[in-house]
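Novice: generate a structure from the sequence data that follows.
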Amino acid sequence: MSLRETINQDLKNAMKAKDTKKRDALRLLTSALKQIEVDERKELHDEDIIKIIQTQIKRRNDAANQYKEAGREDLMQIELAEIAYYECYLPKQLTTEELEQEIKTIIEKTAASSMKDMGKVMGIATKELARRADGKRISDAVKKALASL
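Specialist: Numbers count the residues shown, from 1 in each chain. Model prediction:
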């Protein structure tokens, strides 16, 4: 079953179970998927859907942070709940230790020796780890690893 079919089935199940929060979150996600399909006039594959989900999670995190700064805990909780619904469709994310180990391996491959080599390391790291770690986490791990050289 494709990722799109899984999302649609989960949406149907949420509707039958009268789980309005999950239903609304999944409707927002399917709406975003349809918007991309219409705008770019292409059929989305699982890789494309994962990228869209990651973008939606990033947007929800940004909104949650803004709500927290504004003192709107109620709205922040809604955003965080939507993130939880979306994360189940992503591949298993790397732990901090696993990410650091992967970055060390990439640094050894590229023979990076200082912060000047960050671009080279980031290019490879983002390609290899994009589905399993957020870009910000990758960047922070690369900075930390290169700083300790």
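Novice: can you check the pLDDT for the residue nearest to the spatial centre of the chain?
Specialist: The chain has Q54 as the residue nearest its centroid, 2.9 Å off, counting by C-alpha atoms, centre = their mean. Listed pLDDT for Q54 reads 91.
Novice: now do the contacts for it.
Specialist: Residues in contact with Q54 (C-beta atoms under 8 Å, 6 or more residues apart in numbering) are 90, 134. Where C-beta positions appear, they are placed from N, C-alpha and C, glycine not excepted.
Novice: give me the element it is part of.
Specialist: Using DSSP states H and E, Q54 falls within helix 46-69.
Novice: could you give the separation of that helix from the chain centroid?
Specialist: Computed by C-alpha atoms, centre = their mean, to the nearest Å, the separation of helix 46-69 from the middle of its chain amounts to 7 Å.
Novice: list the buried ones in that helix?
Specialist: Along helix 46-69, these residues count as buried under the neighbour rule (16 or more other C-beta atoms under 10 Å): 48-50, 52-54, 56-57, 60, 63-64, 67.
Novice: can you tell me which of the residues you listed is closest to L28?
Specialist: Proximity of these to L28 (C-beta to C-beta) peaks at Q56, which lies at 7.6 Å.
Novice: how close does that closest one sit to D117?
Specialist: According to C-beta to C-beta, to the nearest Å, Q56 stands 33 Å off from D117.
Novice: M76 now?
Specialist: Distance from M76 to D117, by C-beta to C-beta: 38 Å.
Novice: neighbour count for these two, which is higher?
Specialist: Using other C-beta atoms under 10 Å, the more surrounded residue of M76 and D117 is M76, with 19 against 16.
Novice: wait, the more buried one sits on Y67?
Specialist: Yes - using C-beta atoms under 8 Å, M76 is in contact with Y67, at 4.0 Å.
Novice: mind giving me the domain ranges of the chain?
Specialist: Here the domain parsing of the chain from automatic domain parsing is 3-87, 96-147.
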